[in-house]
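Novice: Starting from these lines, generate the structure:
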Amino acid sequence: MFSKLFAITVLATAASAHMKMSNPVPYGQSTLSNAPLLADGSDFPCKQRGGTYDLEGASNVYAQGSTQKLSFIGSAVHGGGSCQISVTTDAQPDKNSVWKVIKSIEGGCPAKDQVGNMGDDAAAIDPYTYDFTIPKELEGGNYTLAWTWFNKVGNREMYMNCAPLTVTGSGGSKDFLNTLPDMFQANIFGGNGCGTASDTDLVFPDPGTDVDRFNGATSVFAGPTNCASPTVAPSAKPTNGGGSGSGSGSSP
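Specialist: Numbering: from 1, shown residues only. Prediction:
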């Protein structure tokens, strides 16, 4: 009996101690869980649920060309992994929405130098934060921003949280988004085959031009598995060069 209760407790802890975005402030905070997207993709995008796009006071107003902070709540960082920040012009995105990448973080996201998890507290503040830039070429207006994460260790999963975004400033181009790569998707929609390799930090097929690369506890990078080749936008080079985990634009 004790062993059964212990197993249930462990499973419940694992299910409730994942990660979610705290900044930018996400939509529907009161209903947003820290679990990954469902494997069948039925809650893609943005973890569809009642109140998915409720503002609940969320407002992220950023100027063109400004540097902003990406931060998280939770402690089940699964050894880190790789993250992207993407935007769409749709106010309430659905499966047909087009997402364009403005930042890729390969390795060490949402935590650096971790073998597994940092505890089991779903309300813990993740001490690791990351910088991203609102492109100066992005036209002012309203968007939806998405954080996506492919964990390094554990089940093959995709995490996704969404937030309202208002970009301020003059200039910019309606066509700029078309020059950016599409958001990478894997480990969802059941048998489409596109996945990520266990115990490796994902190298995105097309990360875009704003890329950071950080080491985890082990320096093992790999591309996705069984995925169709993407249409490649302008070539990318990691901005902090090669994975020391101490490049500019992130802390601690």
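Novice: and the nearest residue to residue 180 once chain neighbours are set aside, bridged to which residues?
Specialist: Distances taken as C-beta to C-beta, 6 or more residues apart in numbering put residue 100 closest to residue 180, at 3.9 Å, once the chain neighbours are dropped. Heads up, the C-betas are built off the backbone N, CA and C, glycines and all. Counting by DSSP bridges, residue 100 forms beta bridges with residue 87, residue 182.
Novice: Neighbours of the closest residue in space to residue 30 that isn't next to it in sequence, how many?
Specialist: Excluding its sequence neighbours, the residue lying closest to residue 30 (C-beta to C-beta, 6+ apart) is residue 56, at 6.1 Å. The tally of other residues near residue 56 (other C-beta atoms under 10 Å) stands at 13.
Novice: looking at it, the residue nearest to residue 180 is touching residue 184, isn't it?
Specialist: No: counting by C-beta atoms under 8 Å, residue 100 does not reach residue 184; the two are 11.5 Å apart.
Novice: who's more crowded, those two?
Specialist: Each of residue 100 and residue 184 has its neighbours counted (other C-beta under 10 Å); residue 184 has more, 24 against 21.
Novice: Run through the residues that contact that one.
Specialist: Counting by C-beta atoms under 8 Å, 6 or more residues apart in numbering, residue 184 touches 84, 101, 148, 150, 202, 204, 205, 206, 224, 230.
Novice: Quickly note the distance from the fourth one to residue 62.
Specialist: Looking back up the chat, that one is residue 150. Counting by C-beta to C-beta, to the nearest Å, the separation of residue 150 from residue 62 is 25 Å.
Novice: Among those two, which residue is more densely surrounded?
Specialist: residue 150 (28 against 20).
Novice: I'd like the average pLDDT over stretch 148-157.
Specialist: Stretch 148-157 shows a mean pLDDT of 94.
Novice: And the pLDDT at the residue nearest to residue 180?
Specialist: pLDDT, residue 100: 99.
Novice: Ok, residue 200 next?
Specialist: In the prediction, the pLDDT value recorded for residue 200 is 95.
Novice: Just give me the neighbour total for it.
Specialist: Under the criterion other C-beta under 10 Å, the count of neighbours that residue 200 has is 22.
Novice: List the contacts of the spatially closest residue to it that is not a sequence neighbour.
Specialist: Leaving aside its chain neighbours, residue 200 sits nearest to residue 222 (4.0 Å; criterion: C-beta to C-beta, 6+ apart). The neighbours of residue 222, taking C-beta under 8 Å, 6+ apart as the test, are 197, 200, 201, 202, 203.
Novice: Sitting in strands, which of these do you find?
Specialist: Judged by DSSP state E, strands contain the following of those: 201, 202.
Novice: Out of the contacts of residue 222, who's the most crowded?
Specialist: With neighbours taken as other C-beta under 10 Å, the top of the contacts of residue 222 is residue 201, carrying 28 neighbours.
Novice: I appreciate the help and will end here.
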